[in-house]
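Engineer: sharing a sequence plus its predicted fold:
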Amino acid sequence: RGIDGTSLWPGFNPQEIPAAIFDGKNTYLIHSVNPPSGFAPTGENLETYTYPGRHPQIYGNGRIQLDGTWVATVVLRERSPLTGNVYTPRDLAAILLHEMFHVHQRLHYPKWAPNEAVLFSYPYDTPERLYLRRLEMKSFLRALNSPDDSEARKWSAAALGYWNRGLSLLGQDRQQYEDELQRFEGLGNYVERIAAGKSLASEDRYQEFVPGVIRDLGYLEGSWTAGLLDRLDPDWRHEMDRDPSQSLATLLSQACSGASPVSLSQEDLKRLEVTAQVDFDIWREESTKLRDELENRPGYQVVIDSEAFPLSLRMFFATHTEALSDGESLHRRLFMAANSGGSLEVRRRDCVVTATGPYSILKVTIPGFTTEPEIMQAANGVSLEAQGVRLDFSRATVSRTDQTVLIKLQAPPNSDN
């Protein structure tokens, strides 16, 4: 209650945004005018409602709709899953404000929400893109830590230059995605860090390779850019509120207009180029070993061959996804896909996905079943629910070879697939 939301963002009033908080035992709902079914007043406190246990729609920190109303959700933790640091009460309040701000964004700037499906088909990394990312990050950090505004503008211009060079290798749809990601998640991270009284120059979300790094950089660079704009264009938040179509990168570029980009020393540039190549080669070797381990993992494996009737992406977690090669990725936490004939859901176990894009998933391999999974067959359809996997398709065939169960999806009659 001691934080003024409008000081964080124009028109942001946390007291008007419902939030559901799971403390490990029960779920508490605050700021709700009409609490949904299952919630009851908490003792004499008529402003807080309780649901016994974890509410079934709450999986973690995020946003959900309860009875048609957007609600921020938070699962309280003792420590940060990224750093291991113990959370203070202020840290936890800031995390809640982060999710509340996302609800505010959903309601007031609906076009800001990024299309996460774009991230699914980011190209396999290259030494050049890794090198540019590192130059970009170092330039942003130099800008944030520059002693005067003139120097900050020059390093900001350098960072934006590297960012644009990297995007030029990827295409227009990815630039739009990164703009959206910085506005949505980057500004959420900005609000959280300001509310927690923490430095914006943090690197605690950073990981090296696609696809997870792109999402992490959206958090980091969005908040870094916002911090630089606080310094170089203090009215920027009101400008963006008046014209939500503007991107953070565009506003920073305008704030740095006329500034000449500076560069790291030739020695530093060469060192970064060499280490990017070395690290890329190590990563590629580790990816090959990982692919071999997955192929030879003990136990049974289920293979869904969807080439005749491709699946479309429904949900995945980029920060728990690893690129194995172009068109092939490992999903460790969650993967959901479907077509008009059925759906597949894999939770908290590894699966390898082969695809040419988010709407053309051609094969899913799920290794490591400890016992042979029982496939239910009825008419032309198949279903399975075991060991974190649920699938149900109306047209498919099943065959077995050694310890592989092959489910081959069939296109419906008169289908174009």
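Structural biologist: Now that the structure is in, tell me what you want to look at. Numbers count the residues shown, from 1 in each chain.

Engineer: every contact and neighbour count from this point should use C-alpha atoms.
Structural biologist: Fine.

Engineer: do a quick rundown of the helices in the protein.
Structural biologist: 5-8, 89-108, 117-120, 127-144, 149-168, 172-181, 187-196, 212-232, 236-242, 248-255, 266-295 (DSSP state H).

Engineer: give me the distance between the third one and the centre of its chain.
Structural biologist: Okay, so that is helix 117-120. Helix 117-120 sits 10 Å away from the centroid of its parent chain (C-alpha atoms, centre = their mean, to the nearest Å).

Engineer: outside of that helix, which residues touch it?
Structural biologist: Residues outside helix 117-120 that contact it (C-alpha atoms under 8 Å, 6 or more residues apart in numbering): 173-174, 177, 211, 214, 313, 318, 357-358.

Engineer: CSV please, covering these and showing pLDDT.
Structural biologist: As requested, the contacts of helix 117-120 are arranged in CSV below (pLDDT from 0 to 100):
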residue, pLDDT
173, 78
174, 83
177, 91
211, 86
214, 88
313, 96
318, 85
357, 91
358, 93
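
Engineer: list only buried entries from the residues you listed.
Structural biologist: 174, 177, 211, 214, 313, 318, 357-358 (16 or more other C-alpha atoms under 10 Å).

Engineer: wait, which of those is closest to residue 36?
Structural biologist: Checking the buried ones among the contacts of helix 117-120 against residue 36 with C-alpha to C-alpha, the nearest one is residue 313 at 30.3 Å.

Engineer: now for the buried ones among the contacts of helix 117-120, which pair is the farthest apart?
Structural biologist: 214 and 313 (18.4 Å).

Engineer: identify the residues contacting the residue lying closest to residue 154 once chain neighbours are set aside.
Structural biologist: Distance criterion C-alpha to C-alpha, 6 or more residues apart in numbering; nearest residue to residue 154, sequence neighbours excluded, is residue 261 at 4.7 Å. Residues near residue 261 by C-alpha under 8 Å, 6+ apart: 154-158.

Engineer: apply 6 Å and report the result again.
Structural biologist: 154, 157-158 (C-alpha atoms under 6 Å, 6 or more residues apart in numbering).

Engineer: same list (those) but as TSV, adding pLDDT.
Structural biologist: Formatted as TSV, those follow (pLDDT from 0 to 100):
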residue	pLDDT
154	98
157	98
158	98
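
Engineer: of the residues you listed, closest to residue 249?
Structural biologist: residue 157 (10.1 Å).

Engineer: ok, how many other residues are close to that closest one?
Structural biologist: 26 (other C-alpha atoms under 10 Å).

Engineer: how close does the nearest residue to it once chain neighbours are set aside sit to residue 143?
Structural biologist: In this structure, residue 157 finds its nearest non-sequential neighbour in residue 261, 5.0 Å apart by C-alpha to C-alpha, 6+ apart. Using C-alpha to C-alpha, to the nearest Å, residue 261 is found at 11 Å from residue 143.

Engineer: which residues does the nearest residue to residue 315 once chain neighbours are set aside contact?
Structural biologist: Excluding the flanking residues, the one nearest residue 315 by C-alpha to C-alpha, 6+ apart is residue 336, at 5.0 Å. By C-alpha under 6 Å, 6+ apart, the residues touching residue 336 are 314-315, 344-345.

Engineer: hmm, 10 Å instead?
Structural biologist: 311-317, 343-347, 389-391 (C-alpha atoms under 10 Å, 6 or more residues apart in numbering).

Engineer: run a quick neighbour tally on residue 24.
Structural biologist: 11.

Engineer: and the gap between it and residue 58?
Structural biologist: Distance from residue 24 to residue 58, by C-alpha to C-alpha: 12 Å.

Engineer: also residue 169?
Structural biologist: Counting by C-alpha to C-alpha, the gap from residue 169 to residue 58 is 38 Å.

Engineer: picking that back up, what residues do residue 261 and residue 143 have in common as contacts?
Structural biologist: By C-alpha under 10 Å, 6+ apart, the residues touching both residue 261 and residue 143 are 151-159.

Engineer: now distance to residue 133 too, for these, in JSON lines please.
Structural biologist: Formatted as JSON lines, these follow (distance: C-alpha to C-alpha, whole Å):
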{"residue": "151", "distance to residue 133": "21"}
{"residue": "152", "distance to residue 133": "19"}
{"residue": "153", "distance to residue 133": "19"}
{"residue": "154", "distance to residue 133": "18"}
{"residue": "155", "distance to residue 133": "15"}
{"residue": "156", "distance to residue 133": "14"}
{"residue": "157", "distance to residue 133": "15"}
{"residue": "158", "distance to residue 133": "12"}
{"residue": "159", "distance to residue 133": "9"}
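
Engineer: residue 89 against residue 79, yeah?
Structural biologist: No - using C-alpha atoms under 10 Å, residue 89 makes no contact with residue 79, being 11.4 Å away.

Engineer: just the pLDDT for residue 12.
Structural biologist: Per-residue pLDDT puts residue 12 at 96.

Engineer: also residue 41?
Structural biologist: Looking at residue 41, the pLDDT reads 89.

Engineer: quick check: bridge partners of it?
Structural biologist: residue 49 (DSSP bridges).

Engineer: who are the contact partners of it?
Structural biologist: Here residue 41 is in contact with 28-29, 35, 47-51 (criterion: C-alpha under 10 Å, 6+ apart).

Engineer: now residue 216
Structural biologist: 181-182, 185-186, 203-208, 210, 222, 318-319.

Engineer: nearest to residue 252 among those residues?
Structural biologist: Among the contacts of residue 216, and counting by C-alpha to C-alpha, the member closest to residue 252 is residue 222, at 10.8 Å.

Engineer: surely that closest one is in contact with residue 193?
Structural biologist: No - at 11.9 Å, residue 222 does not count as touching residue 193 under the criterion of C-alpha under 10 Å.

Engineer: higher neighbour count, these two?
Structural biologist: residue 222 (28 against 21).

Engineer: skipping adjacent residues, who's closest to residue 94 in space?
Structural biologist: residue 192 (4.8 Å).

Engineer: surely that neighbour and residue 101 touch.
Structural biologist: Yes - with contact defined as C-alpha under 10 Å, residue 192 reaches residue 101; the gap is 9.0 Å.

Engineer: what's the overlap in contacts for those two?
Structural biologist: 8, 95.

Engineer: returning to that earlier point: joint contacts of residue 222 and residue 193?
Structural biologist: Joint contacts of residue 222 and residue 193 (C-alpha under 10 Å, 6+ apart) are 187, 200.
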